[in-house]
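Enquirer: Fold the following, please.
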Amino acid sequence: MLSDLIEANEISKSIDHNSFRKILEANYRPQLLMVVAIPFFQQVTGINVIAFYAPLLFRTIGMGESASLMSAILTGVVGIGTAFLSMVIVDRVGRMPLFMFGGVLMFVSQVLVGAIIAAELVDHGGIGKGYAVAVIILISFYVAGFGVSRGPLGWLVPSEIFPLEIPSAGQSIVVAVSFLFTFVVAQTFLSMLCHFNHLTNSDGFLMNVIMRWKI
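Expert: Have a look, this model is predicted:
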């Protein structure tokens, strides 16, 4: 395997081309589409909202500061564990089954979390302890779905679809698109959250939480 990679690398070096110009050619448009679409959809799943703002999210559903931090640690451990699991089983299970399984798990979890938060906050202005635990469990399932699918596969699959002429350009675009939408999500989430202030029983609740956490 290592010898094959070394040989492929040497062949790639011997080819005289401009990889960024070449990836724009018509016959490479499918690869170009995928190297933009895969990291885009990887980031707009919202996983970095959990990664960056988990304590804040858990505070908005009424959990204490210590419980919020512990819940954030729990989801982080789940994400790391499932990513390692994906590394172990990806070649045996296949890319598409993991994408499908992870996507369904993430979708169902997000729908249920949204339903619980919408129903409880609108009707009661807060979430009871039982519902808060249910939200944490569902978010853990969501993180697990990302960890076995779009997390590692979002980097693996693009690296496998490039011919020898364009791997450097393709991977560069993957990284650039991923970082761009990581920035967009990180910069817009708090504003979006504050616009949902009407779901709480106090107009200043979310802003007070944000200022307290100094985010």
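
Enquirer: Need the CA coordinates for stretch 33-49. CSV is fine.
Expert: What follows is stretch 33-49, C-alpha atoms only, in CSV (Å, rounded to 0.1, in the frame of the first residue of the first chain):
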residue,chain,number,x,y,z
LEU,A,33,-18.7,20.0,-7.9
MET,A,34,-18.0,17.4,-5.3
VAL,A,35,-15.1,19.2,-3.7
VAL,A,36,-17.3,22.2,-3.2
ALA,A,37,-20.5,20.3,-2.2
ILE,A,38,-19.1,17.8,0.3
PRO,A,39,-17.4,20.4,2.6
PHE,A,40,-20.3,22.8,2.2
PHE,A,41,-22.9,20.3,3.4
GLN,A,42,-20.5,19.0,6.0
GLN,A,43,-20.4,22.5,7.6
VAL,A,44,-24.0,23.5,7.2
THR,A,45,-25.2,20.5,9.2
GLY,A,46,-24.4,22.7,12.1
ILE,A,47,-21.8,20.5,13.8
ASN,A,48,-19.6,23.5,14.6
VAL,A,49,-22.4,25.1,16.5
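
Enquirer: Please enumerate residues in contact with that stretch?
Expert: When contacts are defined by CB atoms under 8 Å, 6 or more residues apart in numbering, stretch 33-49 is touched by residues 57, 106, 110, 143, 146, 150-151, 154, 157-158, 161, 170-171, 173-175, 177-178, 181-182, 184-186, 189. The C-beta positions use only the backbone N, C-alpha and C, and glycine is treated the same way.

Enquirer: Using neighbour counts, pick out the buried residues of the helix or strand hosting I137.
Expert: With secondary structure defined by DSSP states H and E, I137 is part of helix 129-148. By neighbour count on 16 or more other CB atoms under 10 Å, the buried set for helix 129-148 is 131-132, 135-136, 138-148.

Enquirer: any idea which helix or strand comes after that helix?
Expert: Taking DSSP H and E, what comes next after helix 129-148 is helix 150-160.

Enquirer: how big is the angle separating that following helix from helix 129-148?
Expert: On the basis of axes from the mean of the first three to the mean of the last three CA atoms, to 10 degrees, helix 150-160 is oriented at 10 degrees to helix 129-148.

Enquirer: Quick one: name whatever helix or strand follows helix 150-160.
Expert: helix 167-195.

Enquirer: and the gap between the most centrally placed residue in the chain and A119?
Expert: What sits nearest the mean C-alpha location of the chain, by CA atoms, centre = their mean, is I47, with 3.2 Å. In this view, I47 and A119 are 24 Å apart by CB to CB, to the nearest Å.

Enquirer: how many neighbours does L32 have?
Expert: Other residues near L32 come to 17 when the count uses other CB atoms under 10 Å.

Enquirer: For it, what is the enclosing helix or strand?
Expert: For L32, the host element (DSSP H and E) is helix 29-44.

Enquirer: L112 now?
Expert: Element membership for L112 (DSSP H and E) is helix 95-124.

Enquirer: which residues of this protein score low on pLDDT?
Expert: For the chain, the stretches with pLDDT under 70 are 1-2, 4-18, 60-68, 120-126, 193-215.

Enquirer: quick revisit: which neighbouring elements make contact with the helix holding L112?
Expert: Secondary-structure packing of helix 95-124 (3 or more CB pairs under 8 Å, 6 or more residues apart in numbering; DSSP states H and E): helix 65-93, helix 129-148, helix 150-160.
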